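**Q** Provided below are the primary sequence and the corresponding predicted coordinates.
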Amino acid sequence: MSELCVAAFAAEQGVHLLEAPKDARFRAFAAGFDDAEYIRRLEARGLRWLPRSDPRFPARLARIHDPPPGLFVRGSADPALLERPSVAIVGARACSAYGSDVAVRLARELAAAGVLVISGMARGVDAAAHRGALELGVTVAVLGCGVDRDYPVAHTQLAARIAERGLILSEYAPGVEPAPWRFPARNRIVAGLAAATVVVEARERSGALITADLALDEGRDVLAVPGEITSALSHGTNGLLRLGATPVTCTADVLEVLGVAPPEPWAVVVPQVEPRIAAVHSAVVDTPAGVDDLVRRTGLGAGHVAAVLAELELLGLVAQADGLYRGVRP
C-alpha cells in the first residue's frame, strides 16, 4: 500500500486521508492502482508527487508529530526551496488596510533577505503576504483542497504568479474540493514548513491562531504584530503577545528570531522592483526633487508618487531633507 495510493483513493472517494485505508472499497482500489501511471498523469498536468520517503521531502515538515504522507506539488521551483530559512505569515481574511500593508511590507523585506515566505493563499493577510514576497523573492502557498484548484477563484492570477517562481503545495490530490475541516489540517503544514510563524491580525477565534498553536506545539517560534486595543482584529494578536509571543515592530525582529542577518540597504536592486518604484527612484538619483517635480517628471499622480516615495524610504533607497527627496545608486 503506497502513500500515493491512499491519497488518490481519498481524493476519488471524498474520504479523509486517515480513514481511506479502513474503507471497505480501498482493497479493490489498491489492487488495481498503478503508482507509475498515476505519476505520469500528474506530470502531464504539470504536477508532481513528493512522498515523505523521498529525501527531498522538507525536513522541518517531516519532524512534526503528524506529517502528511506526501505533498502534491505545483510550480516550477525545486523542492529544495523548502529548506531555506522560512516564515509563515498568517492572519485575518477580512483584514484591515493596516494589516494588509504590514503583511506586504514584512513579506517583501523578508524575501529581500532571502527568507522564504509561506502562507495559505486565503483572502486578506495570506494574499498580501504572497504578493509582498513576490515583489522581491519567492513564496510558497499551501492549499486546503486539491493542488490543482485555485482557491479562492479570485486568486487565480496570484496562484499563477506563485507557481511561476515558487511552489503551491497540498496533501490533497487533484480534484479534492475545499471543505471546512481541511483548512485546520492545512494549517499544520503551513506551521510545519516554517521555522517561525508571524500572526499579523487575528480575531479571538481564527484560523491564524490555530496555526500559531500548531507552531507552538512543534516548538517553533511565534511572533505577533501589535494592534489597536479597540479593534476586534487585534484581540488575537494582542492575546498572543500577553502569552509571550515575540512582538514584531519591524522586519529585523523576525530576522533576529531566524538568525538571519539583515541585507545591506543597497542589496535591493532597483530594476527588480515594480516599474513605478524604479521610475520614481531614477528620477531622484541625480537631482533632488519634491513631490510636484516628480509628478511632472514621471507622469504619475501625486498620490502614487507620495506612496512610492514612502516605499522607497522604507527600502532605504531615498532620503528626504527640507522637502526634497534624493535617491542613492546601489
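**A** Perfect, thanks for sending it.

**Q** my guess is F29 meets A7, correct?
**A** No. F29 is beyond contact range of A7, at 11.7 Å (criterion: Cβ atoms under 8 Å). For glycine as for every other residue, the C-beta is placed from the backbone atoms N, C-alpha and C.

**Q** how close does V199 sit to F72?
**A** Noted for V199: a distance of 27 Å to F72, by Cβ to Cβ, to the nearest Å.

**Q** Which of these two has more residues huddled nearby?
**A** Shown here are V199 and F72; by other Cβ atoms under 10 Å, V199 has more neighbours (29 against 25).

**Q** do you know how far the more buried one is from L110?
**A** Distance from V199 to L110, counting by Cβ to Cβ: 15 Å.

**Q** sorry, back to before: give me the more crowded residue out of F29 and A7.
**A** Shown here are F29 and A7; by other Cβ under 10 Å, A7 has more neighbours (25 against 16).

**Q** now that one, nearest residue through space, not along the chain?
**A** Counting by Cβ to Cβ, 6 or more residues apart in numbering, A7 lies nearest to A173, which is 4.9 Å off, once chain neighbours are set aside.

**Q** And G70, by the same measure?
**A** P51 (4.0 Å).

**Q** now swap in V73 and tell me
**A** Leaving out its chain neighbours, the residue that sits closest to V73 by Cβ to Cβ, 6+ apart is R48, at 4.1 Å.

**Q** does the one you found count as helix, strand or coil?
**A** Recorded secondary structure, R48: strand (DSSP: H, G, I helix; E, B strand; the rest coil).

**Q** Contacts only, for it.
**A** Residues in contact with R48, defined by Cβ atoms under 8 Å, 6 or more residues apart in numbering, are 42, 72-74.

**Q** centre of the chain versus the helix or strand A133 falls within, how much separation?
**A** Using DSSP states H and E, the element containing A133 is helix 125-136. Offset of helix 125-136 from its chain centre (Cα atoms, centre = their mean, to the nearest Å): 7 Å.

**Q** in the stretch 51-200 of the chain, which spans are strands?
**A** Ranges of strands within the stretch 51-200 of the chain are 70-74, 86-90, 116-119, 139-142, 167-170, 196-199, based on DSSP state E, counting those that start in this stretch.
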